[in-house]
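*Asks:* just a sequence and a predicted model for now, questions to come.
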Amino acid sequence: MRHVIIGAGISGTTAAEELRKLDETAEIVLIGEEHEVIYSRVLLPHYAKGIVSREKIFLKKETWYLDKNIEWLCGVRCEEIDTVNRFVTISDGREIPYDKLLITTGAEIQTLPYDGENVCYFQTLGDTEHLIARMASCSGRGVVYGGSFIASELIDLFVHRGMSTVAAFRGPWMFSRILDAESGALVTTHLKRVGVDVRPGSETPESVGVTPDDVVAVGVGIAPELGWVRDAGIETGRGILTNARLETNVADVYAAGDIAEFDDLVVGRRVMAGNWPSAVMQGRVAARNMAGANEEFQNVSSYATNLAGLDIIAVGDTDRAASDSTVIVGSASAGGVTQLFVRSGKLVGATLVGRNHDRKAVTDGIKAGLAVGDVKLQ
Amino acid sequence: MPKLTVKVDPDLCIGAASCVTIAPETFQMNDENKAYVLDHGTEPGERTYQRTFDVTADEMETIIMGAQSCPTLAIFIYDESGKQLFPDV
């Protein structure tokens, strides 16, 4: 049996490890674009802050791949998949045959037309090292452009380093795609209290008058690159469409991690879950199914960040457009707001700003499919 | 069977719960939204942030994966001799 995994991030690496555990003799090929050994992206903010050293962010030693008899092809990307003759073509021209194929290439960072030496993104180790270098030589401000979780990490980083920090974003408040006005007001008040210059309604980074002395850090979201997947006849939406077993419409082709748009059995619709634990768990489930199991992925996904002292958590399905209604608990003046997302009478998601203590109740409520009235919040 | 000591520093834990997602037999959240430590899904004695117990190689791998997923490095793992296994020192 020959398993080929395209994408050597945490989902693909976890899958390779699981496959080896399940089958000592299978051939396992792991194809990755980056040259580095697998590292923890959740630790990158700490590396940028100087709290964690570079060597601590690596999760495996270079010898690990050889020890596990995993053929690791690094610095190459997959160009094409032939699902009829079952092989993939990689960027150095080689054709790699497969019996089972897993796609875990994640998502690409969205860039802005605004360009310059002082512009930084924050996804890979390379991005982080560029950011560290720019911060070290910066004589101006730290300008963050974007209103979501990556932008939040960047603001937190600049504040931590004592930089004069600007938070510029398009919406009326940060996280405006998921947060209601009350939660948004709490985030804005908090940012101002810690000294951040908050600039809502900023159409571009230029609108806050950036200079070459500023570090301009951009966090405007990620999106998977799907053209080469679509060309192979694999169904896509926002990501690669899969069922709860992470199987695509093409036999023996699976997807996991940030690129997968999977049937989420907990919230009852297809979603994407771009976070580390989901990537790990999906990598495992996909691997088990590739090895012959019949396992469904089930998890209440969540994303948590600490924005300069304020905890912001999203649990379950927090797509406002996909919910029937929302219920607000708490207030900005009280220092905590929880927003509950309801669909077909059931709790399907929640955002918690400064109300960590609601987390267990909402997670359990989503898992059990409770009506909002049955969820006991403090 | 190796013996591990697993410790959560509650001052560092921000309740991201990624460890709970990955290694639910070892980590759960308490009422303060901090991860605490279980021994194979059970809580002998009182609820605690630190425990020492036997693990299989597979279990050890899962626990380390849980620790690696922590965005604040709030989880510490030691072997029987007290040597810190994670975060690598």
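*Replies:* Yep, that arrived. Numbering: from 1, shown residues only, chains lettered A, B, ... in the order given.

*Asks:* do I have it right that B:Cys13 meets B:Ala35?
*Replies:* Yes: counting by Cβ atoms under 8 Å, B:Ala35 is a contact partner of B:Cys13 at 5.4 Å. C-beta here means a position set from N, CA and C on the backbone, and glycine is covered the same way.

*Asks:* between the two, point out the one with more neighbours.
*Replies:* In this comparison of B:Cys13 against B:Ala35, neighbours counted by other Cβ atoms under 10 Å in any protein chain shown, the higher total goes to B:Ala35 at 27 against 23.

*Asks:* look up how far chain B lies from A:Arg2.
*Replies:* 24 Å (Cβ to the nearest Cβ, to the nearest Å).

*Asks:* list the contacts of the closest residue to that residue other than its chain neighbours.
*Replies:* The shortest distance from A:Arg2 to any residue other than its chain neighbours is 4.3 Å, reached at A:Glu27 (Cβ to Cβ, 6 or more residues apart in numbering or on different chains). Taking Cβ atoms under 8 Å, 6 or more residues apart in numbering or on different chains as the definition of contact, the neighbours of A:Glu27 are A:1-3, A:71.

*Asks:* can you give me the strands in the stretch 201-350 of chain A?
*Replies:* Along the stretch 201-350 of chain A, the stretches classed as strands by DSSP state E, counting those that start in this stretch are A:215-218, A:222-223, A:240-242, A:253-255, A:260-264, A:269-272, A:302-307, A:310-316, A:325-331, A:336-343, A:346-353.

*Asks:* worst average pLDDT in the ones you listed?
*Replies:* Here these differ in mean pLDDT, and the lowest is strand A:302-307 at a mean of 90.

*Asks:* ok, and for it, which residues are buried?
*Replies:* Across strand A:302-307, burial judged by 16 or more other Cβ atoms under 10 Å in any protein chain shown covers A:302-307.

*Asks:* check contacts around residue 53.
*Replies:* Since you didn't name a chain, this refers to chain A. A:Tyr47.

*Asks:* that answer is for a different chain, and I need it for chain B
*Replies:* Remark: with contacts taken as Cβ under 8 Å, 6+ apart, B:Phe53 is in contact with B:3-4, B:6, B:39-40.

*Asks:* quick one: which of the contacts of A:Glu27 has the most company?
*Replies:* The member of the contacts of A:Glu27 surrounded by the most neighbours (other Cβ under 10 Å) is A:His3, with 25 neighbours in all.

*Asks:* got the contact list for that residue?
*Replies:* A:His3 makes contact with A:16, A:19, A:26-29, A:98-102, A:290, according to Cβ under 8 Å, 6+ apart.

*Asks:* which of the contacts of A:Glu27 lies closest to chain B?
*Replies:* A:His3 (18.9 Å; Cβ to the nearest Cβ).

*Asks:* returning to what we had before: keep only the buried residues of strand A:302-307 that also lie close to chain B.
*Replies:* For chain B, the contacts drawn from those by Cβ under 8 Å from any Cβ of the partner chain are A:302, A:304-306.

*Asks:* what does chain B put close to chain A?
*Replies:* That would be B:14-18, B:21-22, B:29, B:31-33, B:58, B:61, B:65, B:68-73, B:87-88, which are the residues of chain B within reach of chain A (Cβ under 8 Å from any Cβ).

*Asks:* inside helices: which ones of those residues?
*Replies:* The helices, defined by DSSP state H, take in B:18, B:21-22, B:58, B:61, B:65, B:68 from those.

*Asks:* ok so, going back, can you list residues touching both of B:Cys13 and B:Ala35?
*Replies:* In contact with both B:Cys13 and B:Ala35: B:Ala74, using Cβ under 8 Å, 6+ apart.

*Asks:* now the buried members of the contacts of A:His3.
*Replies:* Restricting the contacts of A:His3 to buried positions leaves A:16, A:19, A:26-29, A:98, A:100-102, A:290, with burial counted as 16+ other Cβ under 10 Å.

*Asks:* need these in JSON lines (columns: secondary structure and distance to A:Asp213).
*Replies:* JSON lines is the format used below for those (DSSP: H, G, I helix; E, B strand; the rest coil; distance: Cβ to Cβ, whole Å):
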{"residue": "A:Ala16", "secondary structure": "helix", "distance to A:Asp213": "44"}
{"residue": "A:Leu19", "secondary structure": "helix", "distance to A:Asp213": "50"}
{"residue": "A:Ala26", "secondary structure": "coil", "distance to A:Asp213": "54"}
{"residue": "A:Glu27", "secondary structure": "strand", "distance to A:Asp213": "53"}
{"residue": "A:Ile28", "secondary structure": "strand", "distance to A:Asp213": "49"}
{"residue": "A:Val29", "secondary structure": "strand", "distance to A:Asp213": "47"}
{"residue": "A:Tyr98", "secondary structure": "coil", "distance to A:Asp213": "50"}
{"residue": "A:Lys100", "secondary structure": "strand", "distance to A:Asp213": "52"}
{"residue": "A:Leu101", "secondary structure": "strand", "distance to A:Asp213": "48"}
{"residue": "A:Leu102", "secondary structure": "strand", "distance to A:Asp213": "45"}
{"residue": "A:Met290", "secondary structure": "helix", "distance to A:Asp213": "51"}
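
*Asks:* and which of these is nearest A:Thr83?
*Replies:* Checking these against A:Thr83 with Cβ to Cβ, the nearest one is A:Leu101 at 8.0 Å.

*Asks:* any idea how far B:Arg51 is from the closest one?
*Replies:* With distances taken as Cβ to Cβ, to the nearest Å, A:Leu101 is found 41 Å from B:Arg51.

*Asks:* and for A:Ala304?
*Replies:* According to Cβ to Cβ, A:Ala304 and B:Arg51 sit 24 Å apart.

*Asks:* got a list of what A:Ala167 touches?
*Replies:* For A:Ala167, the contacting residues are A:144, A:151, A:155, A:174, A:191, A:196-199, by Cβ under 8 Å, 6+ apart.

*Asks:* got a winner among those for most neighbours?
*Replies:* Sorting those by how many neighbours each has (other Cβ under 10 Å) puts A:Val144 first, at 33 neighbours.

*Asks:* so what's it closest to, chain neighbours aside?
*Replies:* Ranked by Cβ to Cβ, 6+ apart and with sequence neighbours excluded, the top spatial neighbour of A:Val144 is A:Leu154, at 4.5 Å.
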